[in-house]
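In: could you look at this predicted model? Sequence included:
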Amino acid sequence: MPAFESKPASGKAKGIPTVVLAIGGAFLGMIVAVAIFFGSGLANPKPVVTKLREPEVPKDTPAAKAKLNARKTEQAASKFETNFKEALAAGNIASATRMATTKEPGMTSAFLALCRQYSTDSKASTRAAVASALGAHLADKPADDPDFLKLMDDKDQKVVLACIESLEAMKPCPPAFARKALSVGSKETASPEIRERLTSWVRNLNPLPAGLVTVFALEADTKVGELRPVVAEALAQARLEPKNGMELAKKFITDADPKVASAGIRMVAQYGKGNRADALASLLKALDSNQGDVRKAATTEIESIGKIGTADLPALLKALGQTGDASRVKACQLIGSLGPDAKPALNALVPLAKQPSTPEVATAAITAIGMMGKAAESEIAVVREGATSQHA
């Protein structure tokens, strides 16, 4: 055998590598186990929290539907607030008004809160949008609103006009708003456009709602030329307590504005039944108006007042003391219609017949005395003098 040929390995030599491999494998397994132990959190365990799962609710149950509707309402409310804010900030009257009329009932609180927030905005266009939106909201259920009242007093005409336009849709109009409207129209700073719109609003109130009668009666003395006639006309067609109605009628009937005076005459006819003496005296006074329409209206009402009786003499005698010729002539004619029963008026007629301010008054006085017949026999000389007067 050659010297370099090796001998077969013994059994001991074969066991050594096997042992080494076994030890290495065991060590490697230990390392892997330790890594898994620490990586899994077992080395530092955390408290276990058991999360209770809500029971699944079928989608078609009432509870599920209610939950879905609530979510939709919440989303709609959020969207409404966002869009309404944008409309107000932009001064978009049309959009703000539309949203006010189409909002869901559940959005009312948020709507009013936003109106209050933006009602003092520095931009007039925004305040006008608030006024229109609030007005549209109040049109359904008119009620006093402090924010709307403040906007009616706004210094900017655009805002005030938006308020007036809103008033036209409020039926019935709250008394506080009507009072404020008439007050706004009476301001010296009120523009012709504002007064024109207020005048149109008052006309459209016909007939005047019962709740506004007192308000208009208190504002009847307004000095605004455009408003006074329509206020008087509205009251002439309203139902007032007779005493108050007659007092206003007597005030209107002497007004320089023929429309106001004419309204007063109609009121006298309406409330004079309970106070005939005041009615007759006021109508006779209206005959002295320099307006033909007023005189004509007064004459018509006097003729429709009914048969004159002795109870009317106090009112007729009062008219004889007035300065207007037309009223005195008519009073003489009515006194003369009583014939002998007019004797108590004789002493008042004689001075008019002797020292007349005009031939017409003297003629009427002498005629009235003559119609008394024998009851005026003591003053027959006055009649004779009249017959020979140059004023045939």
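Out: Now that the structure is in, tell me what you want to look at.
In: all helices of the stretch 151-300 of the chain, in order?
Out: Ranges of helices in the stretch 151-300 of the chain, per DSSP state H, counting those that start in this stretch, are 157-167, 175-185, 192-203, 210-218, 227-236, 242-252, 258-271, 276-286, 292-303.
In: need the nearest residue in space to R127, chain neighbours excluded.
Out: Nearest non-adjacent residue to R127, counting by Cβ to Cβ, 6 or more residues apart in numbering: V159, 4.8 Å away. C-betas here are computed from N, CA, C, even on glycine.
In: residues near the one you found, how many?
Out: As a burial measure, V159 scores 23 neighbours (other Cβ atoms under 10 Å).
In: rewinding a little: dump the helices of the stretch 151-300 of the chain into a markdown table; add distance to A345 and mean pLDDT as well.
Out: What follows is those, written out as a markdown table (distance: least, Cβ to Cβ, whole Å; pLDDT from 0 to 100):
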| stretch | distance to A345 | mean pLDDT |
| --- | --- | --- |
| helix 157-167 | 53 | 95 |
| helix 175-185 | 44 | 92 |
| helix 192-203 | 44 | 92 |
| helix 210-218 | 36 | 89 |
| helix 227-236 | 32 | 90 |
| helix 242-252 | 23 | 88 |
| helix 258-271 | 23 | 90 |
| helix 276-286 | 14 | 89 |
| helix 292-303 | 17 | 91 |
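In: which one of these lies closest to V382?
Out: Each of the helices of the stretch 151-300 of the chain has some distance to V382 by Cβ to Cβ; the shortest is helix 276-286, at 23.0 Å.
In: still on that earlier bit, so can I have CSV of the helices of the stretch 151-300 of the chain showing distance to L114?
Out: Shown next, in CSV, are the helices of the stretch 151-300 of the chain (distance: least, Cβ to Cβ, whole Å):
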stretch, distance to L114
helix 157-167, 17
helix 175-185, 21
helix 192-203, 27
helix 210-218, 30
helix 227-236, 34
helix 242-252, 43
helix 258-271, 44
helix 276-286, 54
helix 292-303, 52
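In: any idea how far the nearest residue to Q333 once chain neighbours are set aside lies from A181?
Out: Among residues not flanking Q333 along the chain, A364 sits closest, at 6.0 Å (Cβ to Cβ, 6+ apart). Separation of A364 from A181 (Cβ to Cβ, to the nearest Å) stands at 48 Å.
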